[in-house]
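Trainee: need coordinates for the below:
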Amino acid sequence: MTNEILTKIKIGIKYKKWRFIELLSFDITVLFTVLSIIDLLLIEIPRGWGTFLMFLIIGLSSGFLLGVSLTYPREKIKIPMKNVQVEDVKIISGDIFNLDGYTVIPVNEYYSSEVGEGCLADPSSLHGKYIQNIKGGNIQEYEEEKERALEGQNYEEINYDGKSYKKYPIGTVAEVPKGRFKYLLLALCHSDLERNKSNANVMDLWNALMKLWEKCKEKVGRSSVNIPIIGGGFGQIELKPEHIIQLILMSIYHSAKKENIIFPINIIIYHEEYLKYDLYHLKKEWT
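Mentor: Down below sits the predicted model:
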């Protein structure tokens, strides 16, 4: 436990070092200003290097504690949504594959099952990790569950290289349960079968999110919905992660204006990545 706290202190200072230095300097400045006022108006404080060093150590110590307290990583931040009815919206540090409720996994428009370098489902993408880690690499099981979940959904049949593929519209959602976990496979990326490349743009992301929230209103009841920062990896959407978070929040707000959202939504950021973003500033923008 102690090692974990020390690690978090180090990480917090690492990613917010200028904020930490600012707080340390502020605390020392305030301390010596107060001492000067006391010395001038109330009691005379003894001069000398000993006194100076004593108060410097006090200032550094209190400044260090202040800096640590304000840069220490919080594991969740609640985002207020004004003038709309949303159950709860939080940005949380965590593992997207180990959360209760419904978890959103972005996939390509073909819901591809082959994972590997040069395949549409890259092993380092959430799509690839879902097949490898959650399905244990069992492609047949994935294909069967995917087909059941997508039954009745519109698709376009594409013939390429002697094979037939089902191409689903962006924003299609396939609900796949796995024990106490439930996954929502969200078609986000267009795919080039010849080059085995996937991509999406901001409009694709917006449309996919709006369709996702509509499907969630039908399906999830009051269960929580967990969504990662989607589109910035193999979707190749040219937005910074902070802007993708903003876009997700805007889509929630816009969807709630149409119809109340009665389920909590968690935007999930992987543990260390969580510390790189100024989420408190983001929260201020929504307050």
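
Trainee: would you map the strands across the stretch 101-250 of the chain?
Mentor: Secondary structure of the stretch 101-250 of the chain (DSSP state E, counting those that start in this stretch): strands at 101-108, 156-160, 163-167, 173-178, 181-192, 197-199, 225-228.

Trainee: okay, those in JSON lines with distance to L24 and mean neighbour count next?
Mentor: In short, each C-beta sits where N, CA and C put it, glycine included. Conversion of the strands of the stretch 101-250 of the chain to JSON lines gives the following (distance: least, C-beta to C-beta, whole Å; neighbours: other C-beta atoms under 10 Å):
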{"stretch": "strand 101-108", "distance to L24": "40", "mean neighbour count": "24"}
{"stretch": "strand 156-160", "distance to L24": "60", "mean neighbour count": "10"}
{"stretch": "strand 163-167", "distance to L24": "57", "mean neighbour count": "13"}
{"stretch": "strand 173-178", "distance to L24": "48", "mean neighbour count": "17"}
{"stretch": "strand 181-192", "distance to L24": "44", "mean neighbour count": "22"}
{"stretch": "strand 197-199", "distance to L24": "45", "mean neighbour count": "19"}
{"stretch": "strand 225-228", "distance to L24": "35", "mean neighbour count": "24"}
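
Trainee: pick out the shakiest of those strands, pLDDT-wise.
Mentor: Looking at the strands of the stretch 101-250 of the chain, the lowest mean pLDDT belongs to strand 197-199 (a mean of 83).

Trainee: by contact count, what packs against that one?
Mentor: Of the remaining helices and strands, those touching strand 197-199 by 3 or more C-beta pairs under 8 Å, 6 or more residues apart in numbering; DSSP states H and E are strand 181-192.

Trainee: the strand it packs on vs strand 173-178, what angle?
Mentor: When axes from the mean of the first three to the mean of the last three C-alpha atoms, to 10 degrees is applied, the directions of strand 181-192 and strand 173-178 differ by 140 degrees.

Trainee: still on that earlier bit, nearest to E141, out of the strands of the stretch 101-250 of the chain?
Mentor: Comparing the strands of the stretch 101-250 of the chain against E141 with C-beta to C-beta, the closest turns out to be strand 173-178 (10.0 Å).

Trainee: look up how far F20 lies from the residue nearest to P241 when sequence neighbours are not counted.
Mentor: Residue nearest to P241 in three dimensions, not counting chain neighbours: I229, with 5.1 Å by C-beta to C-beta, 6 or more residues apart in numbering. When distance is defined by C-beta to C-beta, to the nearest Å, I229 is 26 Å away from F20.

Trainee: okay, domains of this protein per the record?
Mentor: Domain ranges of the chain: 2-71, 76-286, per automatic domain parsing.

Trainee: which of those domains comes out lowest on mean pLDDT?
Mentor: Taking the mean pLDDT of the domains of the chain, domain 2-71 comes last: a mean of 68.

Trainee: more crowded one of I229 and F20?
Mentor: More neighbours surround I229 than the other of I229 and F20, with 24 against 21 (other C-beta atoms under 10 Å).

Trainee: quick check: phi and psi on that one?
Mentor: I229 adopts backbone torsions of phi -80, psi 100, taken as degrees, to the nearest 10.

Trainee: wait, it touches K240, no?
Mentor: No. Under the criterion of C-beta atoms under 8 Å, I229 is not in contact with K240, lying 10.0 Å apart.

Trainee: okay, now I267: neighbour count?
Mentor: The number of residues packed around I267, counting by other C-beta under 10 Å, is 23.

Trainee: try S223
Mentor: S223 is flanked by 14 other residues according to other C-beta under 10 Å.

Trainee: again with N266
Mentor: Using other C-beta under 10 Å as the criterion, the residues surrounding N266 number 20.
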